[in-house]
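Student: give the three-dimensional model of this entry:
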Amino acid sequence: MKLLTTILLLAATVATCSPAENAPTPASGDMQEITDFGDNPGQLKAWQYLPEGLPEQAALVVVLHGCGQNAAEMARLTGWNALAAQQGFAVLYPEQQASNNIQNCFNWFQQQDITRSNGESQSIWQMVSYMLSNYNIAPKRIYLTGMSAGGAMSSALMAAYPDVFSAGAVQSGVPYGAAFDLAAGFQAMQGQVSKSPEAWQEAVANAYPSYEGAYPKAMIFHGTDDAIVNAQNAEELAKQWGAVHQTGRTPAAIDTTFAGNPAVRRLSYQEAGGEERVVRFDIEGLGHAMAVDPGEGEQQGGETGPFAKDVDFYATYWIARFFGLL
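Tutor: Numbers count the residues shown, from 1 in each chain. Coordinates of the predicted model:
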């Protein structure tokens, strides 16, 4: 039944998804597969990238691919490994399998996969636990980011495991609680699921009812021309995480030409004390893709390809800055 509903949900996006089996396989000297990270209830694969001379109390970034991708493709397009080699942090790449999802999407709309201690989300936590047990990773320096289905799964992990992640970046994703079944999944992708900030906050609170600590700060990226996951979801994500952090709905600052780029608008949401907790980027003219800027400059990187477009703006760089990795 799980596979059947997945096939139906993805029917609208099959034409735009490149088959994951055509994506490259990680080279043995670059990324290594982890096979013994736990009982793996979500039946996912795991890959790690460890730069030479990983420092003590290093940071860990969890990177979740989108539909039609795998870990290697995500690493190549985003440039996370190159940045990790420069700055000395580890990268973990959970990877979906076709036996779970015909298009290799994380099952962000299946309740059994996005609730704490269950399914795919639990498998990802087991991967993080493996990294903490086997390498000198700082428990308070664990971050995550994802694209599309990986972005939606990032939302779920931030809500269900706020005690694990210090910050997250959602690219072309949807809020947690937007869908727990097939019909709602379609509606969320089309931008038809809108809730009050209070309702979005309640969804996060219900993901881990006994939790009383701080929640991850959030960064949101969305292209205005996204025909797969409607850009209304960026507004809903800002409402959700703004409510969680009590920033209010009105941005404290808006930069309409961020970093000199007229296509990029940056909105900053701050707590009462002035600390920035939620950041949103609206990227004019970008479709269902990650923003990259290939080149050798300090703020450049990534590669173009399926779901990655050169818009003179390198999302990975700004995510890393938001995480405090640079």
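Student: residues touching the residue positioned nearest the centre of the chain, list them.
Tutor: By CA atoms, centre = their mean, the chain has its centre lying nearest to residue 146, at 2.1 Å. Contact partners of residue 146, counting by CB atoms under 8 Å, 6 or more residues apart in numbering, are 63-66, 106, 152-154, 169-171, 173. For every residue, glycine as well, the C-beta is placed using N, CA and C.
Student: may I ask which of those residues has the most neighbours?
Tutor: Counting neighbours by other CB atoms under 10 Å, residue 66 comes out on top of these with 35 neighbours.
Student: please name the nearest non-neighbouring residue to that one.
Tutor: Excluding the flanking residues, the one nearest residue 66 by CB to CB, 6 or more residues apart in numbering is residue 148, at 3.4 Å.
Student: now do residue 67
Tutor: residue 105 (4.0 Å).
Student: who's sitting farthest from the centroid in this protein?
Tutor: The C-alpha centroid of the chain is most remote from residue 273, which lies 27.1 Å away (CA atoms, centre = their mean).
Student: what are the buried residues along whichever helix in the chain runs longest?
Tutor: Taking DSSP state H as the criterion, the chain has its longest helix at helix 119-134. With burial defined by 16 or more other CB atoms under 10 Å, the residues of helix 119-134 counted as buried are 119-128, 130-131.
Student: now the helices for the protein?
Tutor: Applying DSSP H to the chain gives helices spanning 2-10, 71-78, 80-87, 111-114, 119-134, 149-160, 182-189, 197-207, 232-244, 315-323.
Student: chain center to the fourth one: distance?
Tutor: This points to helix 111-114. 16 Å (CA atoms, centre = their mean, to the nearest Å).
Student: can I get the top strand by length along the chain in CSV, CA atoms only?
Tutor: Longest strand in the chain by number of residues (criterion: DSSP state E): strand 137-147. Extracted C-alpha coordinates of strand 137-147, given in CSV (Å, rounded to 0.1, in the frame of the first residue of the first chain):
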residue,chain,number,x,y,z
ILE,A,137,31.1,15.1,16.5
ALA,A,138,29.8,17.9,18.7
PRO,A,139,26.3,17.1,19.8
LYS,A,140,25.3,20.7,19.7
ARG,A,141,26.7,21.2,16.2
ILE,A,142,24.4,19.0,14.1
TYR,A,143,22.5,20.6,11.2
LEU,A,144,20.4,19.5,8.3
THR,A,145,19.2,20.6,4.9
GLY,A,146,17.2,19.1,2.1
MET,A,147,15.7,19.7,-1.3
